[in-house]
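A.B. asks: Kindly return the folded structure for what I paste below:
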Amino acid sequence: MILAVLSALAEPTRLEAMRFLADGSEHCVCELMRKLGATQSRMSRHMQVLKQAGLVLDRRDAQWVRYRISPELSPSLARLVEAALERQIMGTERAA
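C.D. replies: Numbers count the residues shown, from 1 in each chain. Sure, this is the predicted structure:
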């Protein structure tokens with residue numbers, strides 16, 4: 001389980017998608033595509049990896065699929081995600 005999570009978070013597009021989802025609301029693939037500059041098929045593949053790792057849940061809404069961070073993450077996995085997102089912020093700030 002932990003290896004799947006670390007592997008999922010190691011990819012920059014997936015990590016950035018998790019950053020958008022970290023606001024606690026649901027986001028459709030179309031929003032993530034627009035924010036991340038990804039095609040629909042590429043974004044869907046990334047979200048599938050996050051889903052298989054147990055990090056996100058999806059919900060079909062008409063023609064769209066909406067994603068959110070799984071509320072059932074164990075406390076240790078939630079801390080790992082928070083640390084990865086924080087690390088990304090710190091790395092971005094240092095580069096600026």
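
A.B. asks: By mean pLDDT, flag the weakest helix or strand of this structure.
C.D. replies: helix 75-95 (a mean of 76; mean pLDDT, DSSP states H and E).

A.B. asks: wait, L36 sits on R19?
C.D. replies: No - judged on CB atoms under 8 Å, L36 makes no contact with R19 at a distance of 9.8 Å. Backbone N, C-alpha and C define where each C-beta goes, glycine included.

A.B. asks: State the distance from the closest residue to R19 other than its chain neighbours to L32.
C.D. replies: Excluding the flanking residues, the one nearest R19 by CB to CB, 6 or more residues apart in numbering is L85, at 5.6 Å. L85 sits 15 Å away from L32, going by CB to CB, to the nearest Å.

A.B. asks: which residues touch the residue nearest to R19?
C.D. replies: 15, 18-19, 22 (CB atoms under 8 Å, 6 or more residues apart in numbering).

A.B. asks: Would you mind listing where the chain has pLDDT under the threshold?
C.D. replies: The chain contains residues with pLDDT under 70 at 88-96.

A.B. asks: Please repeat the previous calculation with a cut-off of 80.
C.D. replies: 1, 87-96 (pLDDT under 80).

A.B. asks: ok, then the element right after the host helix or strand of C30?
C.D. replies: Assessed by DSSP states H and E, C30 sits inside helix 29-36. Per DSSP H and E, the first helix or strand lying C-terminal to helix 29-36 is helix 40-52.
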